[in-house]
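# Provide a 3D model corresponding to the input given below.
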Amino acid sequence: MGQTDDALFLKAKGLYDKNNYREALYHLKKYISIDNSNAEAYKMRGNCYLEFNQLDSAENDYYTALQLDSTLTEVNYNLGLLYESRSQIDSAMIFYYRFMETNPKDADVYLKLGTIYDERMIQDSSRILFEQAYSLDSLNPEPHYYLCWNYYLSDEWDTALKWTKSGKELDANNTGFYLVAGLCHYTQMNFKKSVEEFEKALTIDEQPSIYVLKARSEVFMDTDTSLIRQGEDYSFQFVHVNSKLTETLDTWVKDSTHQYSFDSLWGQFVDPVDGFGIDKYFMFYYGTSTLDGYSPYSLNENPLPTLLKEGKYKEAAEAGERIALRNPSDFKNFGLLSVAYLNLGDTEKFYDNVLKYEGFVNGILATGSGESYGDAQIVIKPSDEYEVISYLGHSSQSQSLNFHEGHIFDILKTIDEYGNERDFFFNIDKPYKQLSESVGGKKKKKKRGKKKKSKKKD
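Okay, here's the model as predicted:
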């Protein structure tokens, strides 16, 4: 190597070491055009190309570097990164394992392979790799982070909580540890602690999704846990409400002495809602079917989706509030209202509407698993069925009306984003009865007076 060539290489390396990849790339190109036998130069140039996502050029340089000097084993790791960025995961794994063979004490490669196995839901293998990374670098919070998620997804919540605790001690500003802790407490029905964990996460990062998790936990925290049971899939169902009891529910909401008296719940449903568990949300939702003007098959469209799409957030909020006054159990409207207030920067009203949305949806979900006639979920409007399945990540493929043992059901055939198909059963006794009475010319509802003074006026 000549003196000039040597100076050019050192200049390129100096720029590279300072992360000035663009200028380093320029000088490396010049250098390699003079001396194409330096493996280190090809490795550095490949890394520069990788920085700029020029993957084909990076790949060529990495292979050339390895041909010139097979001891540059870190190139295998970088090839793993390159193939992973191309979603060529099998190829990435080959090169990560090659790097691991020569660098068995490098914690990062165990983390890389562990995350790949995690994404493939091979949790036993990923756990072994994460634990190996932890043994090599116990003060690195990343193994703690991945292990707490791994144990949470394996339904080993106590162990997951131990890893969140040790992780927080190393990195108190990582929201992931608080999220996993909150989810563990939620699944264990320790809703108060769940809320506390999500609140801590919000002090670090006010992500809207964390507010949603907090709201969901809060409505369950306000629920008498003796009224709910946990299913095999860890969802929650009522022990005292199901699709066979719609006549009983009618009695409850009309009985002024009952805890679920609609008039009583109407008085409690004030802004902001406080102490409303999912049982009260559902019974309030069900009770609005007794209001004069209940029209479950109304074709009136909510203007909020259009207004939100046009960026007219103030107008959307105003329209949504008017709808909420007319129909206080229209939970889809509360979901849209939350979006309007989020874009207006009003965190308090955003959260208040998220809380109502979560309360109503989870109240409906708690009426049954939706897997059969006996476990059908109860709705008072057929359109609500579609919001419920959307909440669960499904979209409808078809719908059919069915009669079974004196009750009326909609069955929706649905599919989720992964292509999984399932049927959802919805009890529609209430809307079908109203439709039958309307067609038959019957009118049994008594007209109700104006809202209580505690409610806002138009």
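# low-confidence ranges in this structure?
Along the chain, segments meeting pLDDT under 70 span 1-4, 440-458.
# for it, what spans make up the strands?
If DSSP state E is used as the criterion, the strands of the chain fall at 228-230, 236-238, 377-378, 394-404, 407-416, 421-427.
# Paired strands for the first one, with orientation please.
When you say that, I think you mean strand 228-230. Here strand 228-230 is paired, per DSSP bridges, with strand 236-238 (antiparallel).
# Run through the helices of the stretch 251-400 of the chain in chain order.
If DSSP state H, counting those that start in this stretch is used as the criterion, the helices of the stretch 251-400 of the chain fall at 262-268, 278-287, 304-309, 313-326, 331-344, 347-365, 382-391.
# Residue 273 is in contact with residue 357, isn't it?
No. With contact defined as CB atoms under 8 Å, residue 273 does not reach residue 357; the gap is 11.1 Å. (Glycine included, C-beta is placed from N, CA and C.)
# quick one: which of those two has more around it?
residue 357 (25 against 19; other CB atoms under 10 Å).
# need the contact list for the more buried one.
215, 331, 332, 334, 335, 338 (CB atoms under 8 Å, 6 or more residues apart in numbering).
# now the closest residue to residue 332 other than its chain neighbours: how far from residue 334?
For residue 332, the nearest residue in space outside its immediate sequence neighbours is residue 387; the separation is 4.8 Å by CB to CB, 6 or more residues apart in numbering. Residue 387 sits at a distance of 11 Å from residue 334 (criterion: CB to CB, to the nearest Å).
# Settle it for me: which of those two has more neighbours?
With neighbours defined as other CB under 10 Å, residue 387 and residue 334 compare such that residue 334 has more, 23 against 18.
# contacting residues for the more buried one?
Residues touching residue 334, when contacts are defined by CB under 8 Å, 6+ apart, comprise 320, 324, 353, 354, 356, 357, 360.
# now swap in residue 387 and tell me
331, 332, 335, 361.
# thinking the first one is in contact with residue 384, fair?
Yes. Taking CB under 8 Å as the contact criterion, residue 331 and residue 384 are neighbours in contact, 7.5 Å apart.
# what's the burial count for the nearest residue to residue 64 once chain neighbours are set aside?
Of all residues beyond its chain neighbours, the one nearest residue 64 is residue 42 (4.7 Å), with distances taken as CB to CB, 6+ apart. When neighbours are counted by other CB under 10 Å, residue 42 registers 25.
# quick check, nearest of the contacts of residue 334 to residue 175?
Checking the contacts of residue 334 against residue 175 with CB to CB, the nearest one is residue 354 at 17.9 Å.
# count of neighbours near that closest one?
Neighbour tally, residue 354, other CB under 10 Å: 25.
# For it, list the residues it contacts.
211, 212, 215, 334, 335, 338.
# distance of the last one from residue 265?
With distances taken as CB to CB, residue 338 is found 22 Å from residue 265.
# So which of these two has more stuff around it?
Neighbours were tallied for residue 338 and for residue 265 using other CB under 10 Å; the higher tally belongs to residue 338 (27 against 21).
# Would you mind writing the CA trace of stretch 233-246 as PDB?
Taking only C-alpha atoms (Å, rounded to 0.1, in the frame of the first residue of the first chain), the coordinates of stretch 233-246 have been written out as PDB:
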ATOM      1  CA  ASP A 233     -59.100 -17.800  26.900                       C
ATOM      2  CA  TYR A 234     -58.900 -15.300  29.900                       C
ATOM      3  CA  SER A 235     -61.800 -13.300  28.700                       C
ATOM      4  CA  PHE A 236     -64.400 -12.300  31.300                       C
ATOM      5  CA  GLN A 237     -68.100 -13.200  31.300                       C
ATOM      6  CA  PHE A 238     -70.900 -12.300  33.700                       C
ATOM      7  CA  VAL A 239     -72.200 -15.000  36.000                       C
ATOM      8  CA  HIS A 240     -75.600 -13.500  36.300                       C
ATOM      9  CA  VAL A 241     -76.300 -12.300  32.700                       C
ATOM     10  CA  ASN A 242     -76.600 -14.400  29.500                       C
ATOM     11  CA  SER A 243     -78.600 -14.600  26.300                       C
ATOM     12  CA  LYS A 244     -81.300 -16.800  27.800                       C
ATOM     13  CA  LEU A 245     -82.300 -14.100  30.400                       C
ATOM     14  CA  THR A 246     -83.500 -11.200  28.200                       C
END
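# Number of residues surrounding residue 426?
26.
# Okay, it and residue 368: tell me how far apart.
Distance of residue 426 to residue 368, computed by CB to CB: 9 Å.
# Can you work out which residues contact both of the two?
Contact criterion CB under 8 Å, 6+ apart; residues bridging residue 426 and residue 368 by contacting each: 376, 377, 378.
# quick one: the second one and residue 242, what's the gap?
As for residue 377, its distance to residue 242 is 10 Å (criterion: CB to CB).
# And these two? Which one has more around it.
A direct count of neighbours by other CB under 10 Å for residue 377 and residue 242 places residue 377 higher, at 25 against 20.
# All the helices of the stretch 51-200 of the chain, in order from the start?
Taking DSSP H, counting those that start in this stretch as the criterion, the stretch 51-200 of the chain contains helices spanning 55-68, 74-85, 89-102, 107-119, 123-136, 141-153, 157-170, 175-187, 191-204.
# okay if I get these as CSV plus distance to residue 278 and mean neighbour count?
Shown next, in CSV, are these (distance: least, CB to CB, whole Å; neighbours: other CB atoms under 10 Å):
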stretch, distance to residue 278, mean neighbour count
helix 55-68, 50, 18
helix 74-85, 42, 20
helix 89-102, 41, 16
helix 107-119, 32, 20
helix 123-136, 31, 19
helix 141-153, 23, 23
helix 157-170, 22, 18
helix 175-187, 13, 23
helix 191-204, 11, 19
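# what would those helices look like in JSON lines with distance to residue 397?
Shown next, in JSON lines, are the helices of the stretch 51-200 of the chain (distance: least, CB to CB, whole Å):
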{"stretch": "helix 55-68", "distance to residue 397": "39"}
{"stretch": "helix 74-85", "distance to residue 397": "35"}
{"stretch": "helix 89-102", "distance to residue 397": "31"}
{"stretch": "helix 107-119", "distance to residue 397": "28"}
{"stretch": "helix 123-136", "distance to residue 397": "31"}
{"stretch": "helix 141-153", "distance to residue 397": "29"}
{"stretch": "helix 157-170", "distance to residue 397": "35"}
{"stretch": "helix 175-187", "distance to residue 397": "30"}
{"stretch": "helix 191-204", "distance to residue 397": "34"}
